[in-house]
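>>> Sequence and computational prediction follow.
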Amino acid sequence: MKPVWIVDDDRSIRWVLDKALGRESIPCKLFGSAQEVMAELELDSPQVLVSDIRMPGLNGIELLRKVKGKHPALPVIIMTAFSDLESAVSAFQGGAFEYLPKPFDVDKAVELIRRAVDESLRESGVDDAPLEVPEILGQAPAMQEVFRAIGRLSQSNVTVLITGESGSGKEVVARALHKHSARKGGPFIALNTAAIPRDLLESELFGHERGAFTGAQAMRRGRFEQAEGGTLFLDEIGDMPAELQTRLLRVLSDGYYYRVGGHQPIKADVRVIAATHQNLEERVRQGSFREDLYHRLNVIRLRLPPLRERREDIPLLARHFLATSARELGVEAKRLSPEALQFIQGLPLAGNVRQLENLCRWLTVLAPAQVVKVEDLPLEIRSEPAPQPTLQPAPVATAAAPSTSGTAAPAAASVAAGLVDDWLQLLVREVDRRLVSGEAEVMDRLAREFEAAVIRTALRHTHGRRIEAATKLGVGRNTITRKIQDLGLDH
């Protein structure tokens with residue numbers, strides 16, 4: 001193991017960390033300025049770099065950027081006595097492993113450095129060679145069936161109906177069908193029929209002539225015209241209004257359509273691929289979807305499995321999404337620890353591939369270390385005991401975004417009130433139990449247990465950062481430090 005480099009213009013800080021790391025048998029090398037570090041980097045590199053932020057000459061943020069340019073995988077811990085938002089943001093934007101405000105608890109500082117050392121050692125043993133990523137990822141048998149179907153349909157212009165839950169990747173499959181078809185040289189045009197207002201959908205699909213309605217100041221080509229010679233993907237086809245179902249049926253039957261307000265028929269040279277998360281057979285029985293249109297669309301049906309039926313694909317998908325998110329943000333890709341990966345594979349993931357992608361984006365931005373542990377996952381993921389309908393993401397929202405429309409707010413308030421009542425009732429029962437059993441000092445013991453639970457939870461939220469936990473709880477830094485010691489939470 002290489003030494004940990006400590007750079008600080010304050011000799012006392014260097015001395016304290018040198019002695020503390022020595023007791024833990026962690027070798028270290030001391031520097032009084034960033035310039036000394038840069039000179040040494042020409043000859044050697046550390047296992048971890050711990051740097052003050054404000055120093056004469058080159059400051060810690062500038063040093064961080066230069067070091068990351070030479071050694072992007074090197075964990076860098078930034079220390080500062082000036083705990084302001086700008087410094088924290090600059091540190092993390094520069095790729096810092098962690099931000100350590102002064103004055104710090106020496107034991108906690110050593111613990112953080114040891115974490116960074118473990119991370120660095122783990123990094124050095126990993127082959128980061130990029131994988132060749134196919135357009136659709138999947139090794140599960142259910143996905144192999146999808147791949148085979150795409151292959152069989154590659155030379156066909158037949159209409160395809162893709163079914164699958166929201167977020168399972170129906171548009172990705174539609175694009176693959178187009179890419180491997182004889183129409184691949186033509187355009188691929190996608191339209192979510194549920195996302196277009198009812199009164200605009202007809203014009204969106206078929207276009208309109210000038211003066212066809214108020215505001216139609218020029219002729220406009222619709223999606224069918226735009227997709228000429230290529231593929232038109234109609235997502236959420238089950239939500240299409242009845243009058244437009246009739247017009248779509250006519251195009252699929254006759255091969256012609258009219259712009260809104262037009263009198264000249266237009267020949268449609270378009271392959272239609274439709275998709276839905278709904279049960280179209282049930283909608284036909286209910287009379288909300290035309291049976292003849294259903295049969296026109298359902299020439300070839302391709303069922304896309306939900307993620308819970310292909311959990312063996314989660315590691316491959318997660319690695320892909322973490323790498324993609326890192327490229328978009330210009331940072332190093334993070335990785336899931338075996339425990340975190342196992343935890344995610346056990347989740348319900350009601351939002352399917354889209355929810356997993358959103359989770360990987362969240363981890364890329366907010367997870368504190370390069371190797372993501374279970375405690376680094378979002379709280380709502382870690383505390384979710386079973387599948388919940390609210391995990392279904394909206395088309396443009398993250399999986400964790402709560403609904404704030406309609407009756408959601410009163411319902412949420414009712415649930416919250418119920419949880420408060422349940423908590424108080426449990427407390428009452430626990431007090432009764434202890435009093436009946438003759439337990440002494442009930443008030444003191446319950447108070448200690450309550451404080452310990454609250455502080456543990458706050459520390460879990462802040463990944464062990466005491467000052468941040470104290471701020472969230474509304475107590476002072478000294479107060480939370482004293483209580484952690486009194487309650488024995490630092491063991």
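Structure received.
>>> What is the subsequent helix or strand relative to the lowest-mean-pLDDT helix or strand in the chain?
Using mean pLDDT, DSSP states H and E, the weakest-scoring helix or strand in the chain turns out to be helix 408-436, at a mean of 58. Sequence order places helix 442-461 as the next helix or strand after helix 408-436, per DSSP states H and E.
>>> and that next one, what does it pack onto?
Secondary structure elements in contact with helix 442-461, counted by 3 or more CB pairs under 8 Å, 6 or more residues apart in numbering; DSSP states H and E, are helix 408-436, helix 466-473, helix 477-486. Quick note: C-beta positions are derived from backbone N, CA and C, even for glycine.
>>> Show me what the shortest one is in contact with.
Outside of helix 466-473, the residues within contact range by CB atoms under 8 Å, 6 or more residues apart in numbering are 83, 101, 105, 108, 454-455, 458-459, 461-462, 476-477, 479-481, 484.
>>> and those, which two are the farthest apart?
Using CB to CB, the two most remote members of the contacts of helix 466-473 are 83 and 454, lying 23.0 Å apart.
>>> Among the contacts of helix 466-473, which one sits closest to residue 278?
The closest of these to residue 278 turns out to be residue 461 (CB to CB; 38.4 Å).
>>> From residue 334, how far out is that closest one?
Computed with CB to CB, to the nearest Å, the distance linking residue 461 and residue 334 is 19 Å.
>>> which one of the two has more residues nearby?
A count of neighbours by other CB atoms under 10 Å puts residue 334 above the other of residue 461 and residue 334, at 22 against 15.
>>> hang on, that one packs against residue 373?
No - Residue 334 lies out of contact with residue 373 (CB atoms under 8 Å); the separation is 10.9 Å.
>>> Residue 235 touches residue 192, doesn't it?
Yes - here residue 235 lies in contact with residue 192, judged by CB under 8 Å, at a distance of 4.5 Å.
>>> Just give me the residue closest to the centre of this structure.
Geometric centre of the chain, nearest residue: residue 359, 2.1 Å, by CA atoms, centre = their mean.
>>> From the contacts of helix 466-473, list just the buried residues.
Listed as buried from the contacts of helix 466-473 are 101, 105, 455, 458-459, 462, 477, 480-481, 484; burial here means 16 or more other CB atoms under 10 Å.
>>> Let's have these in TSV, adding distance to residue 142 and pLDDT.
What follows is these, written out as TSV (distance: CB to CB, whole Å; pLDDT from 0 to 100):
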residue	distance to residue 142	pLDDT
101	50	80
105	51	85
455	45	90
458	42	86
459	41	85
462	40	81
477	53	75
480	50	84
481	53	82
484	49	86
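>>> ok, those residues vs residue 34, which is closest?
Within these, distances to residue 34 taken as CB to CB reach their minimum at residue 101, with 19.5 Å.
>>> That closest one: what's it in contact with?
By CB under 8 Å, 6+ apart, residue 101 lies in contact with 79-81, 83, 467.
>>> pLDDT check: weakest of these?
Minimum pLDDT for these is recorded at residue 83 (53).
>>> got a list of what residue 12 touches?
When the contact criterion is CB under 8 Å, 6+ apart, residue 12 has no partners at all.
>>> Quick check: which element contains it?
Counting by DSSP H and E, residue 12 is part of helix 11-23.
>>> quick check: mean pLDDT across that helix?
In this model, helix 11-23 carries a mean pLDDT of 89.
>>> can you check stretch 207-225 too?
Mean per-residue pLDDT for stretch 207-225: 84.
>>> if we look at it, which residues are touching it?
For stretch 207-225, using CB under 8 Å, 6+ apart, the contacting residues are 189, 191, 203-206, 232, 251, 257, 259-262, 266, 268, 270.
>>> who wins for neighbours among those?
Looking at those with neighbours defined as other CB under 10 Å, the largest count falls to residue 232 at 26 neighbours.
>>> Of residue 235 and residue 192, which one has the most company?
Under the neighbour definition other CB under 10 Å, residue 235 and residue 192 were set side by side, and residue 235 has more, 22 against 15.
>>> Report the buried residues of stretch 482-491.
Counting neighbours by 16+ other CB under 10 Å, stretch 482-491 gives 483-484 as buried.
>>> How far does it sit from its chain's centre?
Stretch 482-491 sits 34 Å away from the centroid of its parent chain (CA atoms, centre = their mean, to the nearest Å).
>>> Can I get it in CSV? Just the C-alpha atoms.
Output in CSV follows, covering the C-alpha atoms of stretch 482-491 (Å, rounded to 0.1, in the frame of the first residue of the first chain):
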residue,chain,number,x,y,z
ARG,A,482,-21.8,14.6,23.4
LYS,A,483,-25.0,12.6,22.9
ILE,A,484,-23.3,10.1,20.6
GLN,A,485,-20.7,9.5,23.2
ASP,A,486,-23.2,9.3,26.1
LEU,A,487,-25.4,6.9,24.2
GLY,A,488,-22.5,4.7,23.1
LEU,A,489,-23.3,5.3,19.4
ASP,A,490,-19.7,5.7,18.3
HIS,A,491,-18.7,2.1,18.8
